[in-house]
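*Asks:* Sharing a sequence plus its predicted fold:
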Amino acid sequence: MRRYSTLTIGETRVVVVDPHSDDYSLLAADSRVSGSQVDMVASASDAIKLPRTGARTIWLINLELPDASGCDLAAAVRARDPRSTVYLVSDTYDPAAEMQARRVGGTMYVCKPAAADWLSVAPLPPPALPCCA
């Protein structure tokens, strides 16, 4: 059973990786997102350079980036932080893209226009396993 967040969006970091940042203007203007740290970058290489924070992070990654596949970036994000929440975003619905997003372990496959509701129903990451002695 998947647990869903009861946190406010303001308690998370949102990273948007999309060459079309204007597509997220409604999301950024939503009052539920105000107070959140929102990082917007246009490419996978810029996303990888972002510093890590201790905050719960939700990644919104467009499947079509100028320098890499969104699925490749999602895999890199998961390798860096397996507990991260990764939404793979498509400009238009495509069943093949949805299957690809599911294969790489995307938390959700969503289509534009971006909405703050995507963030308010984000599944919580699985709990961290205790270290073995």
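*Replies:* All right, it came through fine.

*Asks:* Does the residue lying closest to Leu50 once chain neighbours are set aside lie in a helix or a strand, and which?
*Replies:* Once flanking residues are discounted, Leu50 sits nearest to Asp39: 5.8 Å by CB to CB, 6 or more residues apart in numbering. Glycine gets a C-beta too; all of them are placed from N, C-alpha and C. Asp39 belongs to strand 37-41 when elements are defined using DSSP states H and E.

*Asks:* Can you name the element that comes right after that strand?
*Replies:* helix 44-49.

*Asks:* Now do that following helix, average pLDDT.
*Replies:* The pLDDT scores in helix 44-49 average 95.

*Asks:* just stretch 85-105 next, same as before
*Replies:* 92.

*Asks:* which ones are touching the residue nearest to Leu50?
*Replies:* 13-16, 50 (CB atoms under 8 Å, 6 or more residues apart in numbering).

*Asks:* bridging residues for it?
*Replies:* Under DSSP bridges, the beta-bridge partners of Asp39 are Val15.

*Asks:* And the contacts of the helix or strand hosting Val86?
*Replies:* Take DSSP H and E as the rule and Val86 turns out to sit in strand 85-90. Contacting residues not belonging to strand 85-90 are listed as 18, 56-63, 70-71, 74, 77-78, 97-98, 101, 104-112, 114, 118, 122-123, 125 [CB under 8 Å, 6+ apart].

*Asks:* Same question for the helix or strand just after that strand: list its buried residues.
*Replies:* Sequence order places helix 95-103 as the next helix or strand after strand 85-90, per DSSP H and E. With burial defined by 16 or more other CB atoms under 10 Å, the residues of helix 95-103 counted as buried are 97-98, 100-101.
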